[in-house]
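[1] coords please:
(one chain, ligands or ions: 1)
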Amino acid sequence: MRRKIVAGNWKMNGSKDLAEKLVGYVRSESESLDNGVEVVIIPPAIYVRDVVEQAADTLAVGVQNVGQWQSGAFTGEISAEMVKDQGCTFALVGHSERRQIFGESDDMVAAKVERLVSCGLTAVVCVGETLEEREAGRAEAVVAAQVKHGLASVAADQWSRIVVAYEPVWAIGTGKTATAEDAQTMHASIRKVLAGIGAPAESISLLYGGSVKADNAAALFAEPDIDGGLIGGASLKDKDFVSICRSMPAGT
Ligand code: 13P
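    Residues are numbered from 1 along each chain as shown. From the prediction side, this is the model:
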């Protein structure tokens, strides 16, 4: 059975107050979740400790980015080891905002994935095409290349620490969600690519992200190759986020 995951990526939003109130609420509500979903909070790194304390071993905590090096003179960066040291178990890698705004390349993504999995953290590797690429009929090819390149250095015994998040760039923060059918088609294609590179494709969780809300999560999560969601805006609203966590069907 694949891990079912709902992760809230706060991006550069939130505060110490939100870390206390929202995480406290999500933690208490998640105690009654009976669908086996792993709930992950991914705040800005500066709030990781506050969130870890609130999460109290009930929720998992992650970071939005790590440096690709082990340690050294890299001002402003944090390492996978530090992330683990602070109680995180997850990290995003290659989010489209990092690729587009900060010039993160597939090589950097691969190096970060290597650092994370060798520290025992779960790397959520984000992939997705732009609107232009989709309209040119290149969506599957673009995503396949990102998957292959980003996961090039994963060793045979490290696949259990890999999660792939499909986030079409045109659906992020725009209110435009991929239809459940389109998302399913891409997820099935990603699973084929994973099998093609020798990964245990059937056991790797694939998350969908891009304008997931309380009212569309259930349709997305009902698809056979969608194992959860990576939630942006709606993860900052306590009731909406919990409602998305509850939308995961039990026993799939
Ligand atoms: P939205 O849910 O705000 O569209 O953001 C998606 C996302 O980028 C999560 O990483």
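[2] alpha carbons only for contacts and neighbour counts from here, please
    Noted.
[3] residue boundaries of the strands in the stretch 101-250 of the chain?
    122-127, 162-166, 206-209, 228-231 (DSSP state E, counting those that start in this stretch).
[4] what residues are up against the residue of the chain positioned farthest from its centre?
    Distance to the chain centre peaks in the chain at residue 73, reaching 28.1 Å (criterion: CA atoms, centre = their mean). Under the criterion of CA atoms under 8 Å, 6 or more residues apart in numbering, the contact list for residue 73 is empty.
[5] and if you look at the one 10 residues further on?
    Contact analysis of residue 83 by CA under 8 Å, 6+ apart lists 62, 63, 66, 89.
[6] where are the low-confidence patches of the stretch 151-252 of the chain?
    For the stretch 151-252 of the chain, applying pLDDT under 70 flags the ranges 252.
[7] Contact residues of this structure facing the ligand?
    9, 172, 173, 209, 210, 211, 212, 230, 231, 232, 233 (CA under 6 Å from any ligand atom).
[8] Just put these in CSV and tack on neighbour count and distance to residue 155.
    Below are the residues of the chain next to the ligand laid out as CSV (neighbours: other CA atoms under 10 Å; distance: CA to CA, whole Å):
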residue, neighbour count, distance to residue 155
9, 24, 27
172, 20, 31
173, 16, 34
209, 31, 26
210, 24, 29
211, 24, 33
212, 27, 32
230, 26, 25
231, 28, 28
232, 23, 30
233, 20, 34
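[9] Out of the residues you listed, which comes closest to residue 154?
    Using CA to CA, residue 230 is the member of the residues of the chain next to the ligand that lies nearest residue 154, at 21.9 Å.
[10] So what pairs up with that closest one in the strands?
    Residues in a beta bridge with residue 230, per DSSP bridges, are residue 7, residue 209.
[11] you'd agree residue 41 is up against residue 61?
    Yes: between residue 41 and residue 61 there is a contact under CA atoms under 8 Å: 4.8 Å.
[12] picking that back up, can you tell me which of the strands of the stretch 101-250 of the chain is packed in deepest?
    A comparison of the strands of the stretch 101-250 of the chain by mean neighbour count, using mean count of other CA atoms under 10 Å, puts strand 206-209 on top with a mean of 30.
[13] middle-most residue in this structure, spatially?
    Geometric middle of the chain (CA atoms, centre = their mean) lands on residue 124, at 4.4 Å.
[14] how about that one, what does it touch?
    The contact partners of residue 124, by CA under 8 Å, 6+ apart, come to 90, 91, 92, 93, 162, 163, 164, 165.
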